[in-house]
Every structure is written in C-alpha cells, then in structure tokens.
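Visitor: sharing a model that was predicted from the sequence below.
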There are 2 protein chains.
Amino acid sequence: MSHFSDGVAGSMKAVVLLSGGLDSATVLAIARAQGFECHALTVAYGQRHSVELECARRVATAGGAVEHRTLHVDLRAIGGSALTDDIDVPKEAPTEGAIPVTYVPARNTVFLSLALGYAEVIGASDLFLGVNAVDYSGYPDCRPEFVAAFEALANLATKAGVEGTRFRVHAPLLGLTKPEIVAAGLRLGVDYALTTSCYDPDPDGGACGSCDSCRIRAEAFSSLGVPDPAGRGPGGR
Amino acid sequence: MSHFSDGVAGSMKAVVLLSGGLDSATVLAIARAQGFECHALTVAYGQRHSVELECARRVATAGGAVEHRTLHVDLRAIGGSALTDDIDVPKEAPTEGAIPVTYVPARNTVFLSLALGYAEVIGASDLFLGVNAVDYSGYPDCRPEFVAAFEALANLATKAGVEGTRFRVHAPLLGLTKPEIVAAGLRLGVDYALTTSCYDPDPDGGACGSCDSCRIRAEAFSSLGVPDPAGRGPGGR
C-alpha cells in the first residue's frame, strides 16, 4: 500500500480495480474525470504476467489515485487458467463463441468481492471495473448482466446494504470497442506508455506481440493511426 | 492441498467451505450424507485465529472430504475487522441489531467467489456454506437473500452459466439455531473435538471461553445436555 499526496478532500470515494493494463488505466481516468477520489486496488493473483503489478503502481501514481493497495490472493491454489497455470498461452485468435483458456475461473467475481470489502472499510460506495465489449465476447464475467448481478449482491452482502447506502458498480468501458477505449483515454491524458497488455511477457516484461491481448492492443492503436507509446512493438510496455 | 483416498467415484462433486469451526464441520457431514463427493476449501485470510486452519485440515480428513485445499488471501491489506486487525475482540454480547466488530467486510462474498472458481475448475456445480440463523442476526452476508443473490450471480459469472449448467448454493444451516446444528451434527457423527470456535484463542490454540463465539457454542452444548467433546472449557479445543 502506498499513499499519495494529491487527495481530493470532501469528494466521493471510489474503489478502482487497476490491473496495470490499458483498460483499467482508462477507467481510472474516467473515474477521476467524474470527480471521484480514487482508491486503486490491484489484485496479485499469481498471474504469470506479474510485470502488471509494477505497471499498476505507476499507473495509480500517474493517474492521480489517492491510494494504491495490492492484495495477494493465490488463485494458483485452484488453477484452471493459462494465466496462472502451466497451460500455454495461445498465439492465435480464439474460436468464435468459445471461452479462451486465458479465462481465469471466477476472476472478476473474486476481484469485485475484494473491491467491495475495501470499499466498505474506507466508506466508498462506488466500484469501477474495466470490463469491455472485446473481453465480454468470450469471458462470462465481462457481460453487462454479470455487472448488474454483482451490484445487486453488493447491496445485500454489506453493512451498507443493511444501513441503506447503495453500492454502484461502474463498468464504463462495457459498450466500447478497444479503439474507442484508447481514444477516450488519449482525450483524458492517459499515459499508455505505463501500461502493459501482454499475457505472456518475456522475463524482462517485454510484450510477446502475438498473444490475443497484444494483437487487440496493436490493432486499436493502428486503427486510430496513433503509435503505441509503450513503444516496444505490439503489446507495449 | 492434500488428497485423500476415500473418493466416491461417479458421484456429484461439491465444494464445501470449511473453516475448522463447528458449523462448517456440520455442513460437510450434511453434504456427504446427501451423497456429494466433497472437495473442501479453506480460505486463509489473515485471521488472528489461525488455529482454525489446522482444525480444518483434520475436519476434512475425518469428515470424508476427497480433497482439501487451503487458499491464501490477505484480507489484512484492506483491514476493517477485529478478526484481522488490532481491534480488540469484545467479551460481551453484541448490541441487538448492530453489526459486530468481528464482521469481516465482504468475507462470505470473497469466500463464495473463491469456492466458485474452484468449482469451475473441478467441474462441481454445488457449493456448501455454513452460514446460520445465529450469525445472520448481525452479519449482512449471512442472510438468505444474500445466498440467493450469490447463486444468481454464479450462474452469470461462469462458463457454466454460459454453457447451461446451474450452480446451486446450499446453506443447510440457514434456518437452524446453534443447538439444532449441534444436534444434527451429532446424529451424523461429526467429531466436534476436532473443531474450534474461539475468535481470540491463546497462543496454544486454547479457547478464551468468553468471546461471543465461545459463549454461543457453550450454550448450545449445554442446552442439549451434552459435554463439548473439545473438552477445554467453553469454546472448545
């Protein structure tokens, strides 16, 4: 956990799930633009791409979060994903309609649960999550009905629910394509050079350039006619 | 994680959340009695009463679980409870209608999320949870509407939801008082000597005998006219 000095006194608190990737960096900028005092939460879940954690720290600072906490949960104990197990990360586009092997079982449910606990402790009633239209084509926990169901749960699961406060779960990227997300972030001044997207980086954190996530990122910058400021080829860093 | 040898081939798999306490030991017995092949999951969340983890391991073995996994999640990173922070555990009954300081923010949401991920990985569609009527007087995430909301979420959050399988969240103790729980467990042969209930044990794992949890346990055995087999005074262990 680290505390920064630019807190906004008196403003509404929000918990922003921050992965170190492009989407959640954009979400942090959107939450800030909406006037929220942002408390960033990064979940270290045993992912192979732990370079994300360092990126998340930098994105939190640059993006004006008042606080950044990293919470460790070892999802390797239950396995089941190419992102935490010894399953190879695929280098081609996933089959249409199929759930990718990079899907982590119940990941967004776990992440939102932890964000909810953090929100209760600090007195926030707004949660921000970077799920989007590209993800939700293959991941069940990236669909609008999932977000709505979690919001309903949050209002039953907590002291706030008992005491009458309403939790809101914001997924501002839900209806956006990746180029639209990048365009929104560039307008809000997001420094994408600090973000990483690769599912399978080399030991130095360099992007592989060929996994699904690298490919979608490269196509987004390319379609906008903007170079990826991360600079190290497709996938960035 | 440990594997046991008494697996029931071909039966339906269930994930049973096991804390090492009296309630979840009873739930494991109930799930087994219903014919489920039980995969026990214990969440190590930075609780002060870590003696629970060792009790959980013994309860899993004695209770016929085919497997027991312990998953670490450090809820101390978000704080907010007497069970994980340096807040004193109270030695008197909580105020009627108030939420006790031993409430851990979003704990059951986090636990069920992790159980859901585990269930997806092993192909189980039944989750068992030991929430009960005594707990739900003060804890928002021990109410029947919370359990129902989580079941709805589970069916949207997962591959199963996409592929048409239905998750069921079982909370068989929900309507039972503590004496009814103990009576049910004794009928099913639960060895309560292996369980612990104290929120504030001494360094050797001995029960304090005066916290809310110790008191409720002692009253339950006393009302049944049965000695607590844990033997070390009220609270057990």
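Guide: All right, it came through fine. The model shown is predicted, which means the values in this text are computed figures rather than measured ones. Numbering: from 1, shown residues only, chains lettered A, B, ... in the order given.
Visitor: where do the helices sit along chain A?
Guide: A:22-33, A:51-62, A:107-122, A:133-136, A:144-157, A:159-163, A:178-187, A:212-224 (DSSP state H).
Visitor: tell me the average confidence for the first one?
Guide: Pointing back at helix A:22-33 there. For helix A:22-33, mean pLDDT rounds to 97.
Visitor: ok, residues contacting it?
Guide: A:14, A:16-18, A:38, A:40, A:56, A:59-60, A:63-65, A:126, A:128-132, A:135, A:170, A:172-173, A:178, A:181-182, A:184-185, A:188-192, A:194-195, A:197, A:217, A:220, A:236 (Cβ atoms under 8 Å, 6 or more residues apart in numbering or on different chains). Heads up, the C-betas are built off the backbone N, CA and C, glycines and all.
Visitor: now the buried members of those.
Guide: A:14, A:16-18, A:38, A:40, A:56, A:59-60, A:63-65, A:126, A:128-132, A:135, A:170, A:172-173, A:178, A:181-182, A:184-185, A:190-192, A:194-195, A:197, A:217, A:220, A:236 (16 or more other Cβ atoms under 10 Å in any protein chain shown).
Visitor: picking up where we left off before, now tabulate the helices of chain A in JSON lines and tack on distance to residue B:46.
Guide: Below are the helices of chain A laid out as JSON lines (distance: least, Cβ to Cβ, whole Å):
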{"stretch": "helix A:22-33", "distance to residue B:46": "25"}
{"stretch": "helix A:51-62", "distance to residue B:46": "19"}
{"stretch": "helix A:107-122", "distance to residue B:46": "12"}
{"stretch": "helix A:133-136", "distance to residue B:46": "31"}
{"stretch": "helix A:144-157", "distance to residue B:46": "19"}
{"stretch": "helix A:159-163", "distance to residue B:46": "20"}
{"stretch": "helix A:178-187", "distance to residue B:46": "35"}
{"stretch": "helix A:212-224", "distance to residue B:46": "32"}
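Visitor: pull out the buried positions in the longest strand anywhere in chain A.
Guide: What stands out as the longest strand in chain A, according to DSSP state E, is strand A:37-44. Of the residues in strand A:37-44, A:37-44 count as buried by neighbour count, 16+ other Cβ under 10 Å.
Visitor: out of those residues, who's nearest chain B?
Guide: residue A:41 (8.0 Å; Cβ to the nearest Cβ).
Visitor: that closest one and residue A:53 touch, don't they?
Guide: No: judged on Cβ atoms under 8 Å, residue A:41 makes no contact with residue A:53 at a distance of 12.0 Å.
Visitor: so what's in contact with these two at the same time?
Guide: residue A:70.
Visitor: quick one on the thing from earlier: for the helices of chain A, which one sits closest to residue B:108?
Guide: helix A:144-157 (7.0 Å; Cβ to Cβ).
Visitor: which non-adjacent residue is nearest residue A:112?
Guide: The shortest distance from residue A:112 to any non-neighbouring residue, by Cβ to Cβ, 6 or more residues apart in numbering or on different chains, is to residue A:150 (5.1 Å).
Visitor: next, the contact list for that neighbour, please.
Guide: A:109, A:112, A:169, B:153, B:157.
Visitor: burial count for the residue nearest to residue A:52 when sequence neighbours are not counted?
Guide: Nearest residue to residue A:52, sequence neighbours excluded (Cβ to Cβ, 6+ apart): residue A:20, at 3.7 Å. Neighbourhood size, residue A:20 [other Cβ atoms under 10 Å in any protein chain shown]: 24.
Visitor: any idea how far residue A:20 is from residue B:173?
Guide: 41 Å (Cβ to Cβ, to the nearest Å).
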